[in-house]
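A.B. asks: just coords:
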């Protein structure tokens, strides 16, 4: 079941939201990203707006994780809801957002700059790192000050890997609070092997319609659909 | 008390035994019982078809929960249908029945999406034992499996990050309260111990004072055994009613009928105490007293047999209360069991066996006049002779010189 939940949340894996109070100039636009872990290898389009975030898989039916296809996530920060939308069944499932944020919010991590800097998509990035003595895992995030994120969209990276993904989620929370936008991330497990990789492939600021961050018209609640089938 | 051959005599060695024995007993108990259940027989049927969750693929919560059951604590038998599982459970071949309905996972996902949804089909858990400790440990074992399922589903992070409503609402517990089980169990055991110990001391006193004079051994054997047993039974009735009134605990509906079964055990206790008291020597530890007391821990009614390591789970079988008290409680609580007739029969046989041993002791074949004098042609003569000698003897040293 771990895999199952991982997959769903994985797809959610770019979702996020530690909703710090949104600054007026919070980034609004569309990003494409790649994510890879032991259980996931996926590319997706992210629609970001102050009050919402959607990860749309590059296939029509949904993100493919370990051969399982179907569905995509939407986060509504205002309502504090997390939706899993199933185009195949034309229904959606609702979860409290707190279930995703709780593991990240429980622990505050102290991150530091590694001193390395680089350029991603033409934006200057600096590397922030974390050594976790408990798990002996290492994680790093390349972040830029060129955009101001409205939320922690790494929130679901925890699902890509229970230890390393969670570290990245906690790190990103700290960076978002400082007004830094993550453009790339990596995490290594205790053996030094790469456990999670995430990279923003493109970033385009612009207006995102509210309808993009809403459940499509005509979709019903999953519970209602299943009750009818009984 | 100086002439009472309890666990201890007058020597330092015996005093040491008195001090060390409780420590050894408690340590042994901790070692044996501290690891929880061992191979408690559980039958499970999982008919849950699972659910194809968006973005997650096939999910089967029941499957995960079954795989999370501790196979050291439970001897798990998995069957395809709940009817098969129930049949095995009713046959007494499993003490725990655990069934998962066909749409459990799907219903749980509906509940995640709609928290007001009431699960129509629940996990069914039935426990055959009336023992509260056994029930507690079984429920704890299943809860542990459920919690590990939730934690795993949450990505190994924490249970609260998982939206699977594995809570009490999803569980249908199939046992009702067993009113007064512990009360009657403890009082029944108290009656067993007091009857045996009192008989033990009484016969010692009778022999010592030389008041043992009967024309034949059979009559006194019957009179003494039945008298002590009846006294113990009356004491059990009085204590039960008094405790019930004081504690406000209702007595089981078949209490009186069950107490008649217990009377059989008390006959065995009285005969055992009398035979033991007759055969013991002053100043020497008697195995009878510990044999009367140890079933409290290893008799299987206070602590479940399955708390013992598997290789020791036969231990309760050597104690009469395992049969007598469990049979009496089963009758009192109206629990039918295939083992009930056998338990009653064994209790009867033990009562006869101990009574015969006591009668044999009185007849003089096995009778030792409190450590003196030996075998007389008549029990009463031997008793008198022994008593007279003991009156002038400083106890243990002389008793060591006596010949049984």
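C.D. replies: Now that the structure is in, tell me what you want to look at. Computed from a predicted model, the values in this text were never measured in an experiment. Numbers count the residues shown, from 1 in each chain, chains lettered A, B, ... in the order given.
A.B. asks: Hmm, residue B:294 is touching residue B:321, no?
C.D. replies: No. Assessed by Cβ atoms under 8 Å, residue B:294 is found out of contact with residue B:321, at 9.6 Å. Heads up, the C-betas are built off the backbone N, CA and C, glycines and all.
A.B. asks: So the two - more neighbours on which side?
C.D. replies: Neighbours were tallied for residue B:294 and for residue B:321 using other Cβ atoms under 10 Å in any protein chain shown; the higher tally belongs to residue B:321 (30 against 15).
A.B. asks: ok so that one is a helix residue?
C.D. replies: Yes. Judged by DSSP: H, G, I helix; E, B strand; the rest coil, residue B:321 forms part of a helix.
A.B. asks: partners of the spatially closest residue to residue A:150 that is not a sequence neighbour in the sheet?
C.D. replies: Distance criterion Cβ to Cβ, 6 or more residues apart in numbering or on different chains; nearest residue to residue A:150, sequence neighbours excluded, is residue A:26 at 3.4 Å. The partner list for residue A:26 in beta bridges (DSSP bridges) reads residue A:148.
A.B. asks: Report the contact partners of residue B:35.
C.D. replies: Residues in contact with residue B:35 (Cβ atoms under 8 Å, 6 or more residues apart in numbering or on different chains) are residue B:309.
A.B. asks: Oops, could you answer that again for residue A:58 instead?
C.D. replies: Taking Cβ under 8 Å, 6+ apart, one finds A:42, A:43, A:44, A:45 in contact with residue A:58.
A.B. asks: Run through chain A and note the low-pLDDT ranges.
C.D. replies: A:1-24, A:39-40, A:59-70, A:156-162 (pLDDT under 70).
A.B. asks: redo that, cut-off 80
C.D. replies: A:1-25, A:38-42, A:51, A:57-71, A:99-100, A:103, A:155-163, A:230 (pLDDT under 80).
A.B. asks: remind me, longest strand of it?
C.D. replies: Secondary structure of chain A per DSSP state E: the longest strand is strand A:194-205.
A.B. asks: Could you list the paired strands of that one along with their orientation?
C.D. replies: In the sheet, strand A:194-205 lines up with strand A:29-37 (antiparallel), strand A:181-188 (antiparallel) (DSSP bridges).
A.B. asks: The longest one: what's the following helix or strand?
C.D. replies: Counting by DSSP states H and E, the element after strand A:29-37 in chain order, helix or strand, is strand A:41-49.
A.B. asks: Which is the succeeding secondary structure element to that next one?
C.D. replies: That would be, after strand A:41-49 and using DSSP H and E, strand A:52-57.
A.B. asks: now that next one and strand A:41-49, what's the angle there?
C.D. replies: 150 degrees (axes from the mean of the first three to the mean of the last three Cα atoms, to 10 degrees).
A.B. asks: circling back: most tightly surrounded among the strands paired with strand A:194-205?
C.D. replies: strand A:181-188 (a mean of 23; mean count of other Cβ atoms under 10 Å in any protein chain shown).
A.B. asks: any residues touching that strand, and which ones?
C.D. replies: So strand A:181-188 is contacted by A:27, A:120-121, A:123, A:125, A:137-149, A:153-154, A:157, A:161, A:164-165, A:167-168, A:171-172, A:175-176, A:194-200, A:203 (Cβ under 8 Å, 6+ apart).
A.B. asks: what do you get if the cut-off is 6 Å, keeping everything else the same?
C.D. replies: A:120, A:125, A:138-144, A:147, A:149, A:164, A:168, A:172, A:194-200 (Cβ atoms under 6 Å, 6 or more residues apart in numbering or on different chains).
A.B. asks: chain center to it: distance?
C.D. replies: 11 Å (Cα atoms, centre = their mean, to the nearest Å).
A.B. asks: and if you look at stretch A:195-212?
C.D. replies: 10 Å.
A.B. asks: any residues touching that stretch, and which ones?
C.D. replies: By Cβ under 6 Å, 6+ apart, the list of residues contacting stretch A:195-212 from outside reads A:28-37, A:47, A:49, A:121, A:160-161, A:164-165, A:183-187, A:189.
A.B. asks: all strands for chain A, in order.
C.D. replies: A:29-37, A:41-49, A:52-57, A:64-65, A:68-69, A:72-76, A:81-86, A:91-96, A:112-120, A:123-132, A:137-144, A:181-188, A:194-205, A:220-221.
A.B. asks: Run through the neighbouring helices and strands of the second one.
C.D. replies: Counting contacts by 3 or more Cβ pairs under 6 Å, 6 or more residues apart in numbering or on different chains; DSSP states H and E, strand A:41-49 packs against strand A:29-37, strand A:52-57.
A.B. asks: nearest to residue B:299, of those?
C.D. replies: strand A:29-37 (55.7 Å; Cβ to Cβ).
A.B. asks: Tell me the spacing between residue A:184 and chain B.
C.D. replies: Distance of residue A:184 to chain B, given as Cβ to the nearest Cβ, to the nearest Å: 23 Å.
A.B. asks: which residues does that residue bridge with?
C.D. replies: Residues in a beta bridge with residue A:184, per DSSP bridges, are residue A:142, residue A:199.
A.B. asks: what sits opposite residue A:74 in the beta ladder?
C.D. replies: Under the criterion used (DSSP bridges), residue A:74 bridges to residue A:54, residue A:83.
A.B. asks: now residue B:100
C.D. replies: Bridge pairing for residue B:100 - DSSP bridges - gives residue B:46.
A.B. asks: before we move on, what about residue A:112?
C.D. replies: residue A:129.
A.B. asks: Kindly report the same for the one 5 residues further on.
C.D. replies: Here residue A:117 shows beta-bridge partners residue A:126, assigned using DSSP bridges.
A.B. asks: how close does it get to residue B:108?
C.D. replies: 49 Å (Cβ to Cβ, to the nearest Å).
A.B. asks: Compare those two (neighbour count), which wins?
C.D. replies: residue B:108 (22 against 11).
A.B. asks: Can you name the residues in contact with the helix or strand hosting that one?
C.D. replies: Element membership for residue B:108 (DSSP H and E) is helix B:104-113. Identification of contacts with helix B:104-113 by Cβ under 6 Å, 6+ apart yields A:93-94, A:221-223, A:226, B:48, B:50-51, B:59-62, B:117, B:119, B:163-165.
A.B. asks: I appreciate the help and will end here.
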